[in-house]
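Enquirer: 3D, please:
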Amino acid sequence: MRLEKTILSNLINNEEFTRKVIPYLKEEYFHDLTEKTVFNLITDHVKKYNTLPSREILAINLDNEENVGEDLYKSSLDFLEALTSSEKDLQWLLDKTEEFCQDKAVYNAVMDSIQILDGRDEKLSKTAIPDILSKALGVSFDSHIGHDWIEDFEERFDFYHKVESRIPFDLEYLNTITKGGLPNKTLTCLLAGTNVGKSLAMCHMAAANILDGKNVLYITMEMAEERIAERIDANLLDVPIKDIENLSKEVFEKKIHRVQKKTSGKLIVKEYPTATAGAGHFRHLLNELKLKRNFTPHIIYIDYLNICCSMRLKYGSNVNTYMYIKSVAEELRGLAVERDIPIVTATQTNRTGYTNSDPGLEDTSESFGLPATVDLMIAIITSEELEQLGQLKFKQLKNRLNDVTQNRAFLIGVDRSRMRLYDVEQDAQEGMPEDDTSVMDNSSFGERVNDEGKRGKRFNMGDFR
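Expert: Residues are numbered from 1 along each chain as shown. Have a look, this model is predicted:
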């Protein structure tokens with residue numbers, strides 16, 4: 001007996017089996033037209049009446065089908081008459097049915113890929129093939145349909161005490177605010193103005209990950225691959241960035257091998273033209289790296305989010321920047337969840353944020369939908385005083401990983417010549433003034449109101465109408 005016949009027989013005779021597999025079985029898995037017709041009759045009845053159909057009901061419904069020819073009608077009727085047995089070994093049947101779905105999904109994906117390669121598919125291009133195959137290989141019966149608060153309390157207790165896999169920082173305060181590093185399936189965003197240190201921070205974090213034995217994928221759409229690698233060279237080789245080009249090949253090679261002996265971590269830097277790549281391209285890149293280089297990253301850096309493109313929305317007159325950037329952020333976070341890794345990216349401050357010494361979420365450029373989507377958002381702040389001290393101020397704007405009110409702002413040392421961040425002395429942290437100034441107080445309007453208040457002039461809203 002063919003497995004297809006066994007599956008269809010149990011769909012009308014074994015309710016427990018039907019309830020478990022009906023969400024995963026698809027019409028295209030049945031290549032025989034008669035079996036496909038019978039399968040559609042069964043699923044239509046189950047979806048409409050939520051009960052298993054008898055052979056008599058299916059025969060009547062077959063009579064009412066208008067698009068069934070005489071030969072197909074006769075073969076389908078004969079097939080229905082033969083559906084009598086029911087397999088008692090439920091687990092064996094479930095396992096075999098899952099294998100059947102997986103095999104058919106892969107077969108169909110291969111055939112679809114051939115259609116694309118032959119140019120017979122007008123809608124899809126060759127870049128869609130890895131995604132088609134990936135989805136086919138991911139077919140499985142997922143039995144989890146929700147968490148029961150009472151009955152599943154033990155699972156919940158174990159979850160509370162489970163040590164979550166994280167990618168640690170080499171900076172004390174960043175580890176403190178994230179409870180030990182970035183968890184998988186999260187999207188982190190750094191907010192700063194131009195030339196403040198977004199790329200520097202990400203290059204330093206990537207270098208620290210490599211020394212920690214992690215595989216790092218750095219995607220750049222702003223600078224060339226070689227410029228990103230140069231920054232990481234300055235950090236890992238402990239050479240000022242302006243002196244790297246003066247190193248002899250022998251010295252440069254020795255320094256590279258010295259780092260190689262310290263770690264098993266690898267770095268891949270991939271450059272895309274500005275605004276031409278998005279989550280779909282990155283997904284394809286991950287598949288290519290795994291197939292061609294056996295490389296799977298533990299963390300991804302994307303420099304930076306606002307110049308990625310959306311795979312769902314086409315930027316134009318009908319899509320505003322709020323929706324577009326929010327869509328990009330959602331797609332990148334979806335990629336992080338799908339691949340079970342953390343993703344770190346960056347964004348610019350808006351015009352107000354450039355002159356604001358204490359930026360907030362409202363200073364995010366282009367779309368407030370971005371901070372609504374990310375798990376962790378940190379502002380990087382500089383000033384003339386901080387530059388003279390060789391420091392940057394980091395401020396938590398959003399944190400789903402820990403209490404955002406704890407260590408809301410802290411100082412990090414910066415060596416720009418070596419593209420490196422470092423922990424400052426605790427005295428510097430304790431001496432940092434708490435900046436409780438509101439966003440309005442940092443604006444020209446707020447400064448005018450405060451100045452007039454100090455001079456004793458009453459504030460009158462009529463003055464600003």
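
Enquirer: beta partners of T349?
Expert: T364 (DSSP bridges).

Enquirer: how much space separates it from Q396?
Expert: Note on T349: its distance to Q396, by Cβ to Cβ, to the nearest Å, is 16 Å. (Glycine included, C-beta is placed from N, CA and C.)

Enquirer: K214 now?
Expert: 24 Å.

Enquirer: kindly report the same for N108.
Expert: N108 is 48 Å from Q396, by Cβ to Cβ.

Enquirer: how about A136?
Expert: From A136 to Q396 the distance is 42 Å (Cβ to Cβ).

Enquirer: then G280?
Expert: For G280, the distance to Q396 equals 31 Å [Cβ to Cβ].

Enquirer: of the two, which one has the most company?
Expert: Q396 (22 against 18; other Cβ atoms under 10 Å).

Enquirer: confirm that one sits in a strand?
Expert: Yes: under DSSP: H, G, I helix; E, B strand; the rest coil, Q396 sits within a strand.

Enquirer: okay, now the unreliable bits of this structure?
Expert: Where the chain drops to pLDDT under 70, the residues are 1, 142-145, 316-317, 351-356, 431-465.

Enquirer: please enumerate the strands of it.
Expert: Remark: strands assigned in the chain by DSSP state E are 166-167, 182-183, 187-192, 216-220, 267-271, 299-303, 343-348, 376-381, 391-399, 409-415, 420-423.

Enquirer: got the ones you listed as TSV, with distance to I241 columns?
Expert: Below are the strands of the chain laid out as TSV (distance: least, Cβ to Cβ, whole Å):
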stretch	distance to I241
strand 166-167	25
strand 182-183	26
strand 187-192	19
strand 216-220	16
strand 267-271	16
strand 299-303	17
strand 343-348	19
strand 376-381	19
strand 391-399	17
strand 409-415	10
strand 420-423	10
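
Enquirer: verify the contact between G265 and L217 for me.
Expert: No: assessed by Cβ atoms under 8 Å, G265 is found out of contact with L217, at 11.6 Å.

Enquirer: okay, stretch 266-278 in PDB with CA atoms only?
Expert: Coordinates of each C-alpha in stretch 266-278 appear next as PDB, following Å, rounded to 0.1, in the frame of the first residue of the first chain:
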ATOM      1  CA  LYS A 266      36.400  34.600  12.100                       C
ATOM      2  CA  LEU A 267      35.300  37.900  10.500                       C
ATOM      3  CA  ILE A 268      33.500  38.300   7.200                       C
ATOM      4  CA  VAL A 269      33.000  41.900   5.900                       C
ATOM      5  CA  LYS A 270      30.400  42.300   3.100                       C
ATOM      6  CA  GLU A 271      29.700  45.500   1.300                       C
ATOM      7  CA  TYR A 272      26.500  46.400  -0.500                       C
ATOM      8  CA  PRO A 273      25.700  49.600  -2.400                       C
ATOM      9  CA  THR A 274      23.700  52.100  -0.400                       C
ATOM     10  CA  ALA A 275      20.000  51.400  -0.100                       C
ATOM     11  CA  THR A 276      20.100  48.300  -2.400                       C
ATOM     12  CA  ALA A 277      20.100  45.500   0.200                       C
ATOM     13  CA  GLY A 278      17.700  44.300   2.900                       C
END
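
Enquirer: pull out the buried residues from it.
Expert: Under the neighbour-count criterion of 16 or more other Cβ atoms under 10 Å, stretch 266-278 has 266-272, 277-278 buried.

Enquirer: closest to E65 among those residues?
Expert: E65 lies nearest to G278 out of the buried residues of stretch 266-278, by Cβ to Cβ, at 43.6 Å.

Enquirer: got phi/psi on I22?
Expert: phi -60, psi -30 (degrees, to the nearest 10).

Enquirer: now L397: how far from L370?
Expert: Taken as Cβ to Cβ, the span from L397 to L370 is 11 Å.

Enquirer: let me fix that: P183
Expert: Applying Cβ to Cβ to P183 and L370 gives a distance of 20 Å.

Enquirer: if you count surrounding residues, which of these two has more?
Expert: Higher neighbour count among P183 and L370: L370, with 25 against 19, using other Cβ under 10 Å.

Enquirer: just give the nearest non-adjacent residue to that one, would you?
Expert: The shortest distance from L370 to any non-neighbouring residue, by Cβ to Cβ, 6 or more residues apart in numbering, is to A329 (4.9 Å).

Enquirer: do I have it right that the one you found meets T373?
Expert: Yes: A329 is within contact range of T373, at 4.0 Å (criterion: Cβ under 8 Å).

Enquirer: next, show the common contact partners of these two.
Expert: With contacts taken as Cβ atoms under 8 Å, 6 or more residues apart in numbering, the residues that reach both A329 and T373 are L187.

Enquirer: give the contact list for the residue nearest to L370.
Expert: With contact set as Cβ under 8 Å, 6+ apart, A329 has these partners: 187, 189, 305, 367, 369-370, 373-374.
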